[in-house]
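S.K.: model this:
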Amino acid sequence: MKAPWNFARFLPLAERLLSRGRLPALIFAVARKGYRVGKLKEDVHLLQSLCLAWWRGEYRAISPKALLSVVAGLLYFVSPIDAIPDWLLGVGMLDDIAVLSWVIKTLSDELEAFRRWRDLQGPEKLRVVERLPDTPEALQLEHNKG
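M.R.: Reported below is the predicted structural model:
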């Protein structure tokens, strides 16, 4: 399945974001934008949880290429300037939905493995792994301590 138009330009951005340790800023941007409807909400939450677990070093069983695609998909999601600008009411989220759906479908095996890992974790551990502190800086500090 071919990547959605305009997605490829987010891959180098994702690579820079990861190499510079800026994943917490993206995780918080995703949380701020959020999406409160059905399947997209579940998909965004899954990708955000994966990034948090990876950042905290709890889950590393994802290929670097897959992680890069997840981060690029989330960057696309939070970017107000993509194929269809988000401020266009009624249609602005269509390309975001298409990109996230493509990421979910393309990485289905990797994401299913992450779901299985999550299912094996106790509720207390998941609360710790998936908890967002008050600021991206606090999340950065957690990572630097570990």
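S.K.: which residues in the chain form helices?
M.R.: 11-19, 23-33, 38-55, 64-78, 94-106, 108-120, 123-130, 136-145 (DSSP state H).
S.K.: Run through the neighbouring helices and strands of the one helix or strand in the chain whose mean pLDDT sits lowest.
M.R.: Ranked by mean pLDDT, DSSP states H and E, the helix or strand of the chain with the weakest confidence is helix 136-145, at a mean of 84. Where contact means 3 or more Cβ pairs under 8 Å, 6 or more residues apart in numbering; DSSP states H and E, helix 136-145 is packed against helix 23-33. Just so you know, the C-beta spots here come from the backbone N, C-alpha and C atoms, and that holds for glycine as well.
S.K.: what angle sits between the helix it packs on and helix 94-106?
M.R.: If you take axes from the mean of the first three to the mean of the last three Cα atoms, to 10 degrees, helix 23-33 sits at 120 degrees to helix 94-106.
S.K.: Contacts for helix 23-33 next, please.
M.R.: Helix 23-33 has contacts (Cβ atoms under 8 Å, 6 or more residues apart in numbering) with 17, 44, 47-48, 51-52, 54-55, 71, 74-75, 77-78, 132, 135-137, 139-140, 143.
S.K.: and the residues you listed, which are buried?
M.R.: The neighbour-count test (16 or more other Cβ atoms under 10 Å) marks 17, 44, 47-48, 51-52, 54-55, 71, 74-75, 77-78, 136, 139-140 as buried among these.
S.K.: quick check, nearest of the residues you listed to residue 121?
M.R.: Proximity of the buried ones among the contacts of helix 23-33 to residue 121 was ranked by Cβ to Cβ; the top entry is residue 52 with 12.4 Å.
S.K.: isn't that closest one right next to residue 130, touching?
M.R.: Yes. Under the criterion of Cβ atoms under 8 Å, residue 52 makes contact with residue 130 at 5.5 Å.
S.K.: so what's residue 79 scoring on pLDDT?
M.R.: At residue 79, the pLDDT value in this model is 84.
S.K.: Please tell me I have it right and it contacts residue 9.
M.R.: No. Counting by Cβ under 8 Å, residue 79 does not reach residue 9; the two are 10.0 Å apart.
S.K.: Of the two, give the one with the bigger neighbour count.
M.R.: Comparing residue 79 with residue 9 by other Cβ atoms under 10 Å, the one with more neighbours is residue 79, at 20 against 13.
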